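Chemist: 3D, please:
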Amino acid sequence: MMRGSEDMMAVVLQDYPSSQISRPMYRKGERLSVIAQDTYWWRVRSLQTGKENYLPNSHVAKVYHGWLFEGVGRQKAEELLLLPGNRVGSFLVRECARERGAYALSVKHRTIRHYRIFRLDNSWYYISPRLTFQCLEDMINHYSDSADGLCCTLSCPCLSSMSPPSDVTNRAPPVVMRRNFDWKKVDRRQLVGTDSHSDSIVSYGVRNSIATYLSFSGNQDPAQMRADNRKKKSKSVYGVPENALANIDYDNL
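Modeler: Reported below is the predicted structural model:
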């Protein structure tokens, strides 16, 4: 197996495995980092989800400079540019199927527009004969500044602004911060109230737990409880009052 480069980028051309077989591990348009490649299988890492696995080389295409797509035909270029996240001016450069070594520029506008990129004998490139460029990078830079005859100015490479898939669920839950408060000033009723709609400083579940704990110990003063505990030399076994679990919602356990 030939090792790849961390700088070698690729894009998924079609869902793998097919959604008809199982839930896709990689989805069309997902951008990848190529770790290693073999004749038929590539080991890749998703830049969106971080998933690392093997993918058939028929489902992936290398991407150079962020916009030069290797092995992508006209139809596949249109499919990629029509994916959500690509805006007007999104583009890619692909090799022409009709002529080896020739390229085409595909741009998203009202429809997907395709422009043949010609190459002179001195290896300079052009779309319009009045403008020639020493390399493809110079051509892309020029049309990124001005449409100059194209349907629109080039805005960004295809898929470069794609966000992670909506079904990615491995996300940390949001953290909500609350202002500090003095526990000594807290009304006991705010802690033990079991009304789920009451305006309390602690959640309904926490209040239930506090109420249950207090039901074990009764209404004994906390200071007195600590004094009594110090006097005990053996462990105590508490019986659970019949109404201790009355307010627990078992559907949430």
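Chemist: Please make it C-alpha for all contacts and neighbour counts, starting now.
Modeler: OK.
Chemist: For Cys96, which residues are in contact?
Modeler: 73, 102-104 (C-alpha atoms under 8 Å, 6 or more residues apart in numbering).
Chemist: So what does the nearest residue to it once chain neighbours are set aside look like in phi/psi?
Modeler: If the residues on either side of it in the chain are set aside, Cys96 comes closest to Tyr103, at 4.9 Å by C-alpha to C-alpha, 6 or more residues apart in numbering. Tyr103 adopts backbone torsions of phi -130, psi 170, taken as degrees, to the nearest 10.
Chemist: burial of Tyr103, as a residue count?
Modeler: Residues near Tyr103, counting by other C-alpha atoms under 10 Å, number 21.
Chemist: still on that earlier bit, now, among the contacts of Cys96, which is nearest to Ser18?
Modeler: Distance to Ser18, by C-alpha to C-alpha, is smallest for Gly73 among the contacts of Cys96, at 20.5 Å.
Chemist: hang on, isn't the closest one packed against Val93?
Modeler: No: using C-alpha atoms under 8 Å, Gly73 makes no contact with Val93, being 10.2 Å away.
Chemist: These two: who's more crowded?
Modeler: Val93 (27 against 14).
Chemist: Check which residues of stretch 61-78 are buried.
Modeler: Buried residues in stretch 61-78, counted by 16 or more other C-alpha atoms under 10 Å: 61-63, 66-72, 74, 77-78.
Chemist: Keep only those of those residues that are in strands.
Modeler: 61-63, 68-69 (DSSP state E).
Chemist: in these, which two residues are the furthest apart from each other?
Modeler: Pairwise over these, using C-alpha to C-alpha, the maximum falls at Ala61 and Leu68, 10.0 Å.
Chemist: that older thread, where does confidence bottom out across the buried residues of stretch 61-78?
Modeler: Sorting the buried residues of stretch 61-78 by pLDDT puts Gly71 at the bottom of the list (89).
Chemist: What distance do you get for that residue to Ser144?
Modeler: Gly71 sits 24 Å away from Ser144, going by C-alpha to C-alpha, to the nearest Å.
Chemist: First-to-last residue distance for stretch 39-53?
Modeler: 16 Å.
Chemist: rewinding a little: I'd assumed His114 was in contact with the residue nearest to Cys96.
Modeler: No: the criterion here is C-alpha under 8 Å, and Tyr103 misses it with His114 at 10.3 Å.
Chemist: Show me which residues of stretch 95-106 are buried.
Modeler: Here stretch 95-106 shows 95-96, 103-106 as buried, counting by 16+ other C-alpha under 10 Å.
Chemist: Correction: the previous question concerned stretch 12-31.
Modeler: For stretch 12-31, using 16+ other C-alpha under 10 Å, the buried residues are 12-17, 26-31.
Chemist: Stretch 42-58 now?
Modeler: 42-47, 49, 52, 55-57.
Chemist: Narrow those residues to those in strands?
Modeler: Per DSSP E, the buried residues of stretch 42-58 map to strands at 42-46, 52, 55-56.
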